[in-house]
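S.K.: have a look at this fold, sequence not included:
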């Protein structure tokens, strides 16, 4: 299969706005390391999110809450080294932006200065819209996130769709509008009913990226490990698998282990050679050494 057409120049905020205006769907993928970054770069995606979901997909945490600034910045730097074209967004981890505008600005600046992010993402509306406004006014572009917000999933009743009552639907709408008014360049809608997305989209003037929010958004995002089937322990309804790589990886490593145990690996084709005369010289040197020991 041929590769998708590639953007020749880096994706910018203006380019994303143009894509929305032209009705060109925006492709976003969440990735966490250098190999993943080079793959999504070559695949031609538009936006790469270094998500706090690295906590459970890469670092082995139970959910996204425990990941630290140092951990996610280390991952973001690795992603940055693998990207040329996509816009790169860093996810502000739980506990690093909620307390005050000053804390939020300082955290955002670290993502830009230390990891080379083009923008940052934060979760929630309400008070978080104020944080988003402060970060934007301090010079860093912000992507918002409404609906299911994993960092506060416990308060929302768990990992479940949001906006399924009139009251909760209005809250999602209010959050989206607040983030838009705060100056966010884009917003992620996660796990909300298609009908609610359709309604809110009538009020949106900036790109909306959906994940479990239906087809009417301006683009879609999936986690790298989910779409490739690397992490098969967690499969939300909104995930589509484009490969089942985990079993392929298990089979490959199992095949290697079997070959080692049966001495089928390494074979002659994996060995380095040496000229016979050099081996003869080595043996003479060793014999001479023993004779004079």
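M.R.: Okay, I see it. Note that this is a predicted model, so its numbers are computed, not measured.

S.K.: who touches residue 265 in this structure?
M.R.: By Cβ atoms under 8 Å, 6 or more residues apart in numbering, the contact list for residue 265 reads 256, 259. C-beta coordinates here come from the backbone N, C-alpha and C atoms, glycine included.

S.K.: wait, I meant residue 206
M.R.: Going by Cβ under 8 Å, 6+ apart, residue 206 touches 17, 20, 180, 184, 185, 186, 187.

S.K.: put together a markdown table for those residues, with secondary structure and distance to residue 172 on each row.
M.R.: What follows is the contacts of residue 206, written out as a markdown table (DSSP: H, G, I helix; E, B strand; the rest coil; distance: Cβ to Cβ, whole Å):
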| residue | secondary structure | distance to residue 172 |
| --- | --- | --- |
| 17 | helix | 23 |
| 20 | helix | 20 |
| 180 | helix | 13 |
| 184 | coil | 15 |
| 185 | coil | 19 |
| 186 | strand | 16 |
| 187 | strand | 11 |
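
S.K.: for those residues, which one is nearest residue 69?
M.R.: Closest approach between the contacts of residue 206 and residue 69, by Cβ to Cβ: residue 184, at 21.4 Å.

S.K.: how many neighbours does residue 9 have?
M.R.: Using other Cβ atoms under 10 Å, residue 9 is surrounded by 8 other residues.

S.K.: derive a ChimeraX selection command for the buried subset of the contacts of residue 206.
M.R.: Remark: buried members of these, expressed as a ChimeraX selection using 16 or more other Cβ atoms under 10 Å:
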select :17,20,180,184,185,186,187
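
S.K.: which one of the contacts of residue 206 is nearest residue 266?
M.R.: residue 186 (50.4 Å).

S.K.: list the beta-bridge partners for the closest one.
M.R.: residue 143 (DSSP bridges).

S.K.: and the nearest residue to residue 48 once chain neighbours are set aside, what pLDDT?
M.R.: Nearest non-adjacent residue to residue 48, counting by Cβ to Cβ, 6 or more residues apart in numbering: residue 86, 4.6 Å away. Looking at residue 86, its pLDDT reads 98.

S.K.: which ones are touching residue 86?
M.R.: So residue 86 contacts 10, 11, 40, 41, 45, 46, 47, 48 (Cβ under 8 Å, 6+ apart).

S.K.: packing partners for the helix or strand where residue 70 lies?
M.R.: Assessed by DSSP states H and E, residue 70 sits inside helix 69-80. Helices and strands touching helix 69-80, by 3 or more Cβ pairs under 8 Å, 6 or more residues apart in numbering; DSSP states H and E, are helix 34-43, strand 47-50, helix 54-57, strand 87-91, helix 101-115.

S.K.: about what we covered before: format the contacts of residue 86 as JSON lines; extra columns: pLDDT, neighbour count and distance to residue 117.
M.R.: Below are these laid out as JSON lines (pLDDT from 0 to 100; neighbours: other Cβ atoms under 10 Å; distance: Cβ to Cβ, whole Å):
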{"residue": "10", "pLDDT": "94", "neighbour count": "13", "distance to residue 117": "13"}
{"residue": "11", "pLDDT": "97", "neighbour count": "21", "distance to residue 117": "13"}
{"residue": "40", "pLDDT": "97", "neighbour count": "23", "distance to residue 117": "15"}
{"residue": "41", "pLDDT": "97", "neighbour count": "18", "distance to residue 117": "15"}
{"residue": "45", "pLDDT": "98", "neighbour count": "24", "distance to residue 117": "16"}
{"residue": "46", "pLDDT": "98", "neighbour count": "22", "distance to residue 117": "15"}
{"residue": "47", "pLDDT": "98", "neighbour count": "24", "distance to residue 117": "12"}
{"residue": "48", "pLDDT": "98", "neighbour count": "32", "distance to residue 117": "10"}
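
S.K.: and which of those residues is nearest residue 129?
M.R.: Nearest to residue 129 among those is residue 47, at 21.2 Å by Cβ to Cβ.

S.K.: tell me which residues in the helix holding residue 70 are buried?
M.R.: 71, 72, 73, 75, 76, 78, 79, 80.

S.K.: what of stretch 274-282?
M.R.: Result for stretch 274-282 [16+ other Cβ under 10 Å]: no buried residues.

S.K.: now swap in stretch 245-255 and tell me
M.R.: The neighbour-count check on stretch 245-255 (16+ other Cβ under 10 Å) flags residue 245 as buried.

S.K.: so for that stretch, what's the average pLDDT?
M.R.: 97.
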